[in-house]
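> make a model of this:
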Amino acid sequence: MSDFPFFAKAAFTNLWESKVTSLFTAVTLSVALGFMGAYLAVFINLNAALGAVNEKFPLTLYIADNASAAMLDAIKARLKSDHAVAGFEYISKEQALKEFKESAKGEAPLLDSLSSNPLPASLDISLKASSGAVLAQKLVTDLRKMPGVEEVQYLQEEAGKLKSMLSSFKYAGMLLGLGVLLGVVFISYSTLRLAVLRHAEEIEVYKILGSTRMFIMGPFLFEGLFQGLIAASLSLAILYGLLRVLSGGLVMLPVVSFLPLWACAGMLAAGGLLGLTGSFFAFFRTLRF
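All right, here's what the predicted structure looks like:
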């Protein structure tokens, strides 16, 4: 612990002595980490959008014309007790016809000529964002068996397509993450290898004087750690600015949320750890220490 201030000071000195190389490395690493940050932002926003769609997804229950008040009360009680249901709205036959007339004003004369109201009463049901396809399908199956239910309409196919797309995007992100990981380690390794070679004579002197392995490689490990942290911070700053510009400047693009705190912390930790790993390999492979 007492050597940490020395390691940190020596690392900053090394970075300043080779500031052009250090700046180029930080920018390169930030671009690589920026791809991962952009993926996380897109994935998190898509997941939130899917949750919002799932919460308002059209699940409509049509009530039979001969359904009694007791049957309707039983259906409402079933919905209130289900953990997948966020809420529901009852639409009477009269209200359904009124809304249909408003949406099809050109057909008003034809609708007025009808002797009776052909539209059924219904319940528009919204699901919670946490409810999955299994719970939703179970609810639909149970409702279809209840007395007084004419039909339950649930567009599960569209929801399945959205979830399938998100799942494919998740696997693509894993491949991207692996590529970024290897790229960041390689860039850090290449840069720190030059730093080790530049201080090769100094390292030999430390070895002759009997310095411990940790004391010798400590500054280089800290240099890699700092490079990774700086690059991750830079990539987060650029990503934040980019998302603000896109969300505020393009009319067709909805508001895009920035990464949550846990994702930002993960990006910083990943940058530092990958930089540390690169410097570790650079030290041992260069000097065969």
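> rest of the way, CA atoms for contacts and neighbours
Will do.
> what's the domain layout of this protein?
4-52+161-287, 58-154 (automatic domain parsing).
> in TSV: the ones you listed, plus mean pLDDT and mean neighbour count.
TSV is the format used below for the domains of the chain (pLDDT from 0 to 100; neighbours: other Cα atoms under 10 Å):
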stretch	mean pLDDT	mean neighbour count
domain 4-52+161-287	75	18
domain 58-154	83	15
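> kindly list the longest helix within the protein.
Counting residues, the longest helix found in the chain (DSSP state H) is helix 156-198.
> elements contacting it?
Helices and strands touching helix 156-198, by 3 or more Cα pairs under 8 Å, 6 or more residues apart in numbering; DSSP states H and E, are helix 19-55, helix 213-249, helix 261-287.
> which one of those lies nearest to Gly179?
Ranking those by proximity to Gly179 (Cα to Cα) places helix 19-55 first, at 9.0 Å.
> I'd like the next helix or strand past that closest one.
Sequence-wise, the next helix or strand downstream of helix 19-55 (DSSP states H and E) is strand 59-63.
> so what touches the helix or strand that comes right after that following strand?
Tracing the chain past strand 59-63, the next element assigned as helix or strand by DSSP H and E is helix 69-81. Contacts with helix 69-81, where a contact means Cα atoms under 8 Å, 6 or more residues apart in numbering, come from 63, 85, 87-88, 143, 146-148.
> could you dump these to TSV with secondary structure?
Below are the contacts of helix 69-81 laid out as TSV (DSSP: H, G, I helix; E, B strand; the rest coil):
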residue	secondary structure
Ile63	strand
Val85	strand
Gly87	strand
Phe88	strand
Leu143	helix
Met146	coil
Pro147	coil
Gly148	coil
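> pull the most distant pair out of those.
Gly87 and Pro147 (20.7 Å).
> tell me the angle the longest helix of the chain makes with helix 213-249.
Relative orientation of helix 156-198 and helix 213-249, computed by axes from the mean of the first three to the mean of the last three Cα atoms, to 10 degrees: 140 degrees.
> how many degrees apart are helix 156-198 and helix 19-55 in direction?
In terms of direction (the same axes, to 10 degrees), helix 156-198 departs from helix 19-55 by 170 degrees.
> who touches the next helix or strand after helix 156-198?
With elements assigned by DSSP H and E, the helix or strand that comes after helix 156-198 is helix 200-208. The contact list for helix 200-208 (Cα under 8 Å, 6+ apart) reads Ile216.
> I figured Ala136 hits Ala84, correct?
Yes. The pair Ala136 / Ala84 is scored as a contact, 6.8 Å apart, by Cα atoms under 8 Å.
> overlap in contacts of those two?
Overlap of the contact sets of Ala136 and Ala84 (by Cα under 8 Å, 6+ apart) consists of Leu127.
> direction included, what does the strand or helix carrying Glu150 pair against?
In the assignment (DSSP H and E), Glu150 maps to strand 149-154. Applying DSSP bridges to the sheet, strand 149-154 is found paired with strand 59-63 (antiparallel).
> from the chain's centre, how far out does the strand it pairs with sit?
Put simply, strand 59-63 sits 33 Å off its chain's centre (Cα atoms, centre = their mean, to the nearest Å).
> kindly report the same for stretch 231-238.
17 Å.
> what do you get for stretch 74-92?
Averaging C-alpha positions (Cα atoms, centre = their mean) puts stretch 74-92 31 Å from its chain's average.
> do stretch 40-50 as well
Using Cα atoms, centre = their mean, the offset of stretch 40-50 from its chain centre is 4 Å.
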